[in-house]
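> Starting from these lines, generate the structure:
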Amino acid sequence: MCTNIAKIVSKSLTPFMTVNPLLHQQIRTTFILKRKFAPQLHKKGDVPKPLRSRHYIYELVEDTAIQKQEDIKVILTTSVEGLGNFGETVSVKPRYAYNHLLLPGLAVYATPENVEKYKEYAIDATKVQKYSSPNALFMMKILSSVTLSVVMNKDNAWTIQPWHIKVSFRKCGYMVPEDAITLPEIPIKGPNLDLENKEFFVTVTMNKTEKVNVRCRLHHWSTDIVERLPFAEKFWEQPSEAVCPEFEDVLVQIPKKRQIPVTTV
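Take a look at the predicted model:
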């Protein structure tokens, strides 16, 4: 008798003594199945016929866990390189949107409320800074970090023209139209070995809108092998001066690559 009472008390207290985990994580996995064998039909109002073992055999129709997710639309709250300007609606992959746009606060979901809220910014370009293309800001950073080598003739007289800069850009893999290149007001003439490996700047206008200053390094070259100057390897790491003092104010504002420190004996 006592043994039965102890068993009953133990069973009644078991649910209260069990420690349940506090973390319940939902798994978003859905499998769409269909029966391989259809159940037997029954008459209207009659008791359904019992299912047999073959009726519990299912075939997989779709696994949503491996299904490709569609792109989602977001509204940019700032200009993002390679995507667009403030207030524009773009479609990106969900993982990229969550990790790189929504979490950092660079975009919001394109809900009807947000579309109405940011509509005025998409129309009025004077409220925020906008760029002429999604890649404009990216190209401005690239060009401003370039140290362009401008190679001029060591034997014949010359004055640097926009087409010289165009050719120099083309050697580096950048196609810059000649009308987009603006030279400094002070002309640079040569040959002048005092200007060898010295710096000046040019201004590149992108899409007739954005302007970026590019650092240039002047070098002399001769068709006569004997008259050629020694090749300067990694010239952008060598310390240099401006071609003329008037260029210093602009050159200081252009990002400069790491330079090798000068050691004196």
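> Relative to residue 119, how far out is residue 74?
Taking CB to CB, to the nearest Å as the measure, residue 74 falls 15 Å from residue 119. Bear in mind the C-beta positions are built from the backbone N, C-alpha and C, glycine included.
> actually residue 185, not the one I typed
Distance, residue 185 to residue 119, by CB to CB: 44 Å.
> So for the two, which residue has more residues nearby?
In this view residue 185 and residue 119 are compared by other CB atoms under 10 Å, and residue 119 has more residues nearby, 13 against 6.
> distance of that one from residue 243?
50 Å.
> How about residue 222?
Residue 222 is 20 Å from residue 243, by CB to CB.
> Between the two, which is the more surrounded one?
More crowded of residue 222 and residue 243, by other CB under 10 Å: residue 243, with 23 against 14.
> wait, that one sits on residue 202?
No: look at residue 243 against residue 202 with CB atoms under 8 Å: they stay out of range, at 11.8 Å.
> Now do the strands in the stretch 101-250 of the chain.
Under the criterion DSSP state E, counting those that start in this stretch, strands of the stretch 101-250 of the chain are mapped to 107-109, 147-153, 158-159, 181-182, 189-190, 199-206, 210-221.
> Pop the domain breakdown of this structure in here.
Domain segmentation of the chain under automatic domain parsing yields 72-123, 136-253.
> Off-centre distance for the shortest one?
Translated: domain 72-123. Put simply, domain 72-123 sits 14 Å off its chain's centre (CA atoms, centre = their mean, to the nearest Å).
> again, but for stretch 164-175
Here the centre of stretch 164-175 is set off from its chain's centre by 25 Å, with CA atoms, centre = their mean.
> And stretch 198-209, by the same measure?
Distance, centroid of stretch 198-209 to centroid of chain: 23 Å (CA atoms, centre = their mean).
> what about the helices in the chain?
2-17, 94-96, 112-117, 119-123, 136-144, 162-171, 248-253 (DSSP state H).
> what residues does the last one touch?
Residues outside helix 248-253 that contact it (CB atoms under 8 Å, 6 or more residues apart in numbering) are 199, 200, 201, 213, 215, 242.
> Filter those down to the buried ones.
Neighbour-count burial (16 or more other CB atoms under 10 Å) applied to these gives 199, 200, 201, 213, 215, 242.
> So what sits opposite the first one in the bridge?
To tie it back to what came earlier, the one meant is residue 199. residue 217, residue 242 (DSSP bridges).
> what does the fourth one give?
Applying DSSP bridges to residue 213 yields these beta-bridge partners: residue 203.
> change the start of the numbering to 285 and stick with it
Yep, numbering from 285; the last one is residue 497 now.
> Could you report the separation of it from residue 427?
9 Å.
> Give me the common contacts of these two.
Common neighbours of residue 497 and residue 427 (CB under 8 Å, 6+ apart) are residue 488.
> ok, so of the buried ones among the contacts of helix 532-537, who is nearest residue 368?
Taking CB to CB as the measure, residue 368 sits nearest to residue 497 out of the buried ones among the contacts of helix 532-537, at 24.9 Å.
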